[in-house]
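Visitor: Sequence and computational prediction follow.
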Amino acid sequence: MKKESGYYAWLGEVRQKREFARVTDASLPPDAYRITGGGGAVTIASSDAAGAMYGEFAAGAQIRLGVEPATLDVTSVPAAKYRVLNHWDNMDGTVERGYAGRSLFFRNSELCYDAERIEDYARLLASVGINGICLNNVNLRDDSRRLITDEKLPQLAELAAIFRKYHVRLIIAVDFAAPKTVGGLSTSDPLDGGVIAWWRDTAARVYGYIPDLLGFLVKADSEFQSGPAALGRTQADGANVLAGALAPYGGTVFWRCFVYNCLQDWRDTVTDRPKAAYDHFFPLDGTFADNVVLQVKVGPVDFQVYEPLSPLLGALKNTRRGLELQVTQEYTGQQIDLYATAIPWERALSSHVSETRTLSELFGGGIDTVVGVSNAGDDENWTGNPLAQANLYAFGRLAWNPRASAGDILRDWSRLTFGNASDAAEPIADMLLQSTDVYAKYNAPLGIGWMVTPGHHYGVNIDGYEFSKWGTYHRAAHDALGVDRTSRGTGLTAQYDPWVAAQFEDARTCPEELLLFFHRLPYTFRLKGGVPLIQHIYDTHFDGADGVARFIETWDALRGKVPDELHSCVAERLNRQLENAVEWRDIVNTYFHRLTGIPDEKGRQIWL
Ligand code: GCU
């Protein structure tokens, strides 16, 4: 493992780049490459400069993974046109849901960064095929609203120039109400002539500074952000006015679909939050401009450990879609607990949207963009927990090839990071491969979600969101648990393709990890292996904490085989993870034991 300019990463000896022969092959699609060894040289063919760069990174990685250069013969075409990171960085330097220090880009309402560090970051992202980045949070504040003004654009253009060297294009998150909040107009109504003209002028200004800007990102009518609905207009009215302004420059509007009622009453059992995105956007299918991408979170709620796919991803037929994944570990351990996101992403990508198609098969068709909410910050090791770098790496790999195996990706990451011949590479990859199952076991059971501490979302609080306004309820009673979202309940299943819906409708065919997401079941309900639901809760919670204890043993045995600094950084986090897992185990088990009065068949310690 190499420490390059102070930062551990999978790129290793980045500055000692090998020389490869380059040739142009106009028949290859944009960004694609062909690597051939033999004849004494490794040759990279591509139709454009970006493809040549991706080919060089890929060839370098293959050689570092031990592939004999002469045997190289790889042709690779990215499945998604745009492979984008969204930073949720605020201009005061804080990062919303960030667990790796402060922002790499902002301080004190200004752009403020270490150019060398940004170049390292751009190179790291490019090495896994990422070609777009939004630096500012989708939740706009006064200072970040002004990124589209002459006051901030000159500096933003300098930053864009660093990313441009690596074919990474900037996106700016904008406030839908900017005509008012920035422009001083009396309205931001998208059908108002003055507003339309304002967005046109704004696009002209922004593209004057950053001619290759990828586009604007908008979180509208969502969690107190302004939007067209508040003005009696549709989401399409809103997105299309921005699209019209960006079209002359080839820009794209990334319009988020995270729209739901965040002021729900828990007594209301009819409104069902996971239905909201489909209800808002499906009726508008086909009415969005060609340069609008609807950015849809992978699950219908909010990046919980287990969720089904968002029904919108498969249902939209005539609208471009972007799949939004969370690289930062908000609900999944906050870069303290070990959690390899590649595993749930692989599960999502191979989930069916219909009898004959999986999500990954929509790439190149309706889905042309993949977005990851970044997990990087200004911590020396980029991601707080150095092992969380695997999630950033995996994001790029899966965005490029959504059919790649999570196991291959994690093994490659571990070997590239720690060294192909290192004794540490395999045990670390194994830990990562087990990490999501271990984490899921001590968390909310079987797709329920939301048993986290409100606000910061780390640690257990079973009823923390139970009587809140956020639409996130488990409705645990003494005899049953879960929410009926079938045709007998809230009817969420009807938003899916009929073949998929049929699986979810029946508790015997519903994927077990989603059982309590779709069904309300008695604690005595027997799971597929014959174990009663309550016993499954106890068993998994004991197993989860035991799994973390085993990680600590594995990690202890790696002392001396990875850099000391890295070893102690991860060790400290694993100890905190164990405390967290024990707390989850004891609180969840006690809670359900108290509620049901049913003891653990195995007689283990449950606190009463
Ligand atoms: C979650 C997250 C917020 C974020 C929001 C979003 O709710 O907790 O911090 O702003 O998602 O995706 O917009």
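Guide: That came through fine.
Visitor: How about the residues of the chain by the ligand?
Guide: The chain comes close to the ligand at residues Glu96, Arg97, Val138, Asn139, Lys219, Glu223, Phe258, Asp302, Glu330, as judged by CB under 6 Å from any ligand atom. Any C-beta I mention is one placed from the backbone N, CA and C, and that applies to glycine too.
Visitor: Now the buried members of those residues.
Guide: Arg97, Val138, Asn139, Lys219, Phe258, Asp302, Glu330 (16 or more other CB atoms under 10 Å).
Visitor: Can you tell me the SS state at the residue nearest to the last one when sequence neighbours are not counted?
Guide: Residue nearest to Glu330 in three dimensions, not counting chain neighbours: Arg97, with 4.5 Å by CB to CB, 6 or more residues apart in numbering. Following DSSP: H, G, I helix; E, B strand; the rest coil, the label given to Arg97 is coil.
Visitor: By average pLDDT, which secondary structure element in this protein comes out worst?
Guide: One helix or strand of the chain scores below all others by mean pLDDT, DSSP states H and E: strand 3-4, with a mean of 47.
Visitor: Tell me the secondary structure at Phe254.
Guide: Phe254 is classified as strand under three-state DSSP.
Visitor: so the residue nearest to it when sequence neighbours are not counted is in which element?
Guide: In space, and not counting its chain neighbours, Phe254 is closest to Leu217: 4.4 Å by CB to CB, 6+ apart. Per DSSP states H and E: Leu217 is located in strand 215-218.
Visitor: That strand packs against which elements?
Guide: Counting contacts by 3 or more CB pairs under 8 Å, 6 or more residues apart in numbering; DSSP states H and E, strand 215-218 packs against strand 169-173, helix 235-246, strand 252-256.
Visitor: Which single one of the residues of the chain next to the ligand is nearest to Arg411?
Guide: Arg411 lies nearest to Glu330 out of the residues of the chain next to the ligand, by CB to CB, at 26.0 Å.
Visitor: how about that closest one, secondary structure?
Guide: Glu330 ends up coil, using three-state DSSP.
Visitor: Next up, the contacts around it.
Guide: Contact analysis of Glu330 by CB atoms under 8 Å, 6 or more residues apart in numbering lists Arg97, Phe303, His457.
Visitor: Turn those into TSV, columns for pLDDT.
Guide: Below are the contacts of Glu330 laid out as TSV (pLDDT from 0 to 100):
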residue	pLDDT
Arg97	98
Phe303	97
His457	98
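Visitor: Next, the contact list for the closest residue to the ligand within the stretch 301-450 of the chain, please.
Guide: At 5.0 Å from the ligand, Asp302 is the closest residue in the stretch 301-450 of the chain, using CB to the nearest ligand atom. By CB under 8 Å, 6+ apart, the contact list for Asp302 reads Phe258, Tyr331.
Visitor: what separates it from Leu398, distance-wise?
Guide: 20 Å (CB to CB, to the nearest Å).
Visitor: what do you get for Trp499?
Guide: For Trp499, the distance to Leu398 (CB to CB) stands at 25 Å.
Visitor: between those two, which one's more packed in?
Guide: Legend: neighbour count by other CB atoms under 10 Å for Trp499 and Leu398, higher for Leu398 (30 against 13).
Visitor: Report pLDDT for that one.
Guide: We have a pLDDT of 98 for Leu398.
Visitor: State the next helix or strand along the chain beyond the helix or strand in which it is found.
Guide: In this structure, Leu398 sits in helix 389-400 according to DSSP H and E. As assigned by DSSP H and E, the chain's next helix or strand after helix 389-400 is helix 406-418.
Visitor: For the very next helix or strand once past that next one, buried residues please.
Guide: Later in the chain than helix 406-418, the nearest helix or strand by DSSP H and E is helix 425-442. Using 16+ other CB under 10 Å as the test for burial, helix 425-442 gives 425, 427-436, 438-442.
Visitor: same check, this time on stretch 494-509
Guide: So for stretch 494-509, counting by 16+ other CB under 10 Å, buried means Gln495, Tyr496, Asp497, Val500, Ala501, Gln503, Phe504, Glu505, Ala507.
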